[in-house]
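1. task: produce atomic coordinates for the following.
(one chain, ligands or ions: 1)
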Amino acid sequence: MVLRLDTVRVTRSGTSILRDINVRLGRGQIVGLVGPNGAGKSTLINAIATLIPFSGTIRWQGLPIRLREIGYMPQQAQVRADLSVIETVLLGRHEQLGWRVATTHLDQALGILEDFGIAHLARRNMQSLSGGQQQLVLLTQRLLREPKLVLLDEATSALDIRHQLQVFDRLRAYVGRSGALVVIAIHDLNLAARHADTIMLLDQGQVAGSGSFAEVIHEQALRDVYGIEAELLRASTGHTVILPVTAYGSTGPTSNGIHDVQLN
Ligand SMILES: Nc1ncnc2c1ncn2[C@@H]1O[C@H](COP(=O)(O)OP(=O)(O)OP(=O)(O)O)[C@@H](O)[C@H]1O
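-> Reported below is the predicted structural model:
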């Protein structure tokens, strides 16, 4: 197991935010970090990225994590600099850039933009892009130097359905090629069901479950952690689809099992 957290705790402004987090994660997988608003997902990602103080130990391949060696993308990555898209992506390799940009670096930057279907934006100014386009560019920037640990906080939240699928396809290819570990905080449980190899469910600063989607996200967990009644459907792909029915406590139809639906 390459990412190891032992009794990690985070306290902010006197309040306990994360309590006794013990985690073991192996490489070559996408881990979906899920949980309701305020559960502690961003805090956990920020602690792993060493951006906030924590107690306990966090080790990557047996060593303390160094931010510059990982690919980290915060929840609200902001673009302030007046740079073009290609310049922004190249900054992903800023430690290696000199007075001239090497052709190989430029080719890599253009290649990753192409891979994510946004090569046509290469010469555009970042400020002129939509929020979703900026999110895609920043993701390619983080992946440019091929980090083996990638921490993404809601990295697909501003993307349309096609781009969400595209990003997960690219992340899957990246993980397959590089053997990286990708941890992505994500609200969309259906996306997580489809694309995450492992689910880690956070609730009130603690790990409420980890394992396969089916092991972690079931009707009782949705009731206990999210406070909703939901139907769990099974798509023709075999993946679970969650259909929220009603918020806990309100009246409405409840689920009585898993149903088959045909997706074309
Ligand atoms: N600097 C801070 N000082 C005090 N409390 C904080 C601080 N940062 C976060 N919190 C609290 O910690 C808890 C966890 O926040 P966090 O942002 O990690 O949750 P999250 O699961 O990422 O939520 P969301 O899904 O809404 O993004 C929340 O209750 C939040 O109010």
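
2. every contact and neighbour count from this point should use C-alpha atoms.
-> OK.

3. give me the below-cutoff pLDDT ranges for the stretch 101-250 of the chain.
-> 248-250 (pLDDT under 70).

4. can you show me the helices along it?
-> 103-115, 131-143, 161-178, 189-195, 213-216, 219-221 (DSSP state H, counting those that start in this stretch).

5. which strand residues bridge the spatially most central residue of the chain?
-> The centre of the chain sits closest to Ile184, judged by C-alpha atoms, centre = their mean, with a distance of 1.6 Å. Judged by DSSP bridges, the bridge partners of Ile184 are Gly32, Leu152.

6. which residues sit in contact with it?
-> Ile30, Val31, Gly32, Leu33, Leu151, Leu152, Asp153, Glu154, Ala155 (C-alpha atoms under 8 Å, 6 or more residues apart in numbering).

7. switch the cut-off to 10 Å
-> 30-34, 41-42, 45, 72-73, 150-156, 192, 196, 199-200 (C-alpha atoms under 10 Å, 6 or more residues apart in numbering).

8. near the ligand, from those residues?
-> Lys41, Ser42 (C-alpha under 6 Å from any ligand atom).

9. would you turn the helices of the stretch 101-250 of the chain into a markdown table with mean neighbour count?
-> Listed next are the helices of the stretch 101-250 of the chain as a markdown table, based on neighbours: other C-alpha atoms under 10 Å:
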| stretch | mean neighbour count |
| --- | --- |
| helix 103-115 | 16 |
| helix 131-143 | 22 |
| helix 161-178 | 16 |
| helix 189-195 | 19 |
| helix 213-216 | 17 |
| helix 219-221 | 17 |
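
10. residues of the stretch 1-150 of the chain that sit close to the ligand?
-> So the stretch 1-150 of the chain meets the ligand at Arg12, Ser13, Ile17, Pro36, Asn37, Gly38, Ala39, Gly40, Lys41, Ser42, Thr43 (C-alpha under 6 Å from any ligand atom).

11. hang on, the third one packs against Gln206?
-> It refers to Ile17. Yes - counting by C-alpha atoms under 10 Å, Ile17 does reach Gln206; the two are 8.7 Å apart.

12. just tell me which of the helices of the stretch 101-250 of the chain ends up closest to Arg68.
-> Arg68 lies closest to helix 131-143 among the helices of the stretch 101-250 of the chain, at 10.5 Å (C-alpha to C-alpha).
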